[in-house]
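Trainee: Have a look; sequence and predicted model below, questions after that.
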Amino acid sequence: MQDSILQLLTNRIFLSALFSWFIAQVFKAFIDLLVKKNVPKTETALPNSFVGVWKTGGMPSSHSSMTCGLTTAFGFTDGLTSTGFLVSLCFTTIVLRDACGIRLSVGKLAERHNALIDMLNESRQEEPLQKIQVAEGHTLMEVAVGCILGIFIATSIFLI
């Protein structure tokens, strides 16, 4: 069991994906903190951006960073014609398309839906209608920065 954990923690493909995701999430929290001035209310409270390292959307895209880091790591380990690299490349393409296309559109649609629910609830005598959760997607720039970050981190892991 300990050997398996040690092998996982020293696997450069795994580390490339993990660090690409983690560093993107930390950058996202710092950017959110700086741009939105999302400061804690008390000295002991964590800023919402650090609690929100699991949040969707924002700069950079951690999904893009993780999948590009994974694909880059497979390229270094197995070569650009390997099955692992090609499967990872297909997976990355789907994630990138989803991040900046579908999820962004669904998020905008959910915002409009909730605005409509607010209008309907103002005139209703009955129990208010429930809003839906808005999942933020990514802009093309957020996805591109995530890709560059993931490629950089994986390359750094393999060149160290």
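Mentor: Thanks, I have it. Residues are numbered from 1 along each chain as shown.
Trainee: Any stretches of this protein with poor pLDDT?
Mentor: 37-56, 103, 124, 135 (pLDDT under 70).
Trainee: could you redo the last one with a cut-off of 80?
Mentor: Flagging of the chain using pLDDT under 80 yields the residue ranges 1, 32, 35-58, 100-111, 113, 117-129, 131-138.
Trainee: Chain neighbours aside, what residue packs nearest to the residue most central in space within it?
Mentor: Nearest residue to the geometric centre of the chain (Cα atoms, centre = their mean): Ser62, 2.9 Å. Closest residue to Ser62 apart from its sequence neighbours, by Cβ to Cβ, 6 or more residues apart in numbering: Ala24 at 3.8 Å. All C-beta spots, glycine's among them, are computed from the backbone N, C-alpha and C.
Trainee: phi, psi of the residue nearest to the centre of the chain?
Mentor: phi -70, psi -30 (degrees, to the nearest 10).
Trainee: Relative to Phe14, how far out is Ala29?
Mentor: For Ala29, the distance to Phe14 equals 23 Å [Cβ to Cβ, to the nearest Å].
Trainee: Which of those two has more residues huddled nearby?
Mentor: Neighbours were counted for Ala29 and for Phe14 using other Cβ atoms under 10 Å; Ala29 has more, 21 against 14.
Trainee: How much space separates that one from Ser62?
Mentor: Noted for Ala29: a distance of 10 Å to Ser62, by Cβ to Cβ.
Trainee: before we move on, what about Val145?
Mentor: From Val145 across to Ser62, the span is 11 Å (Cβ to Cβ).
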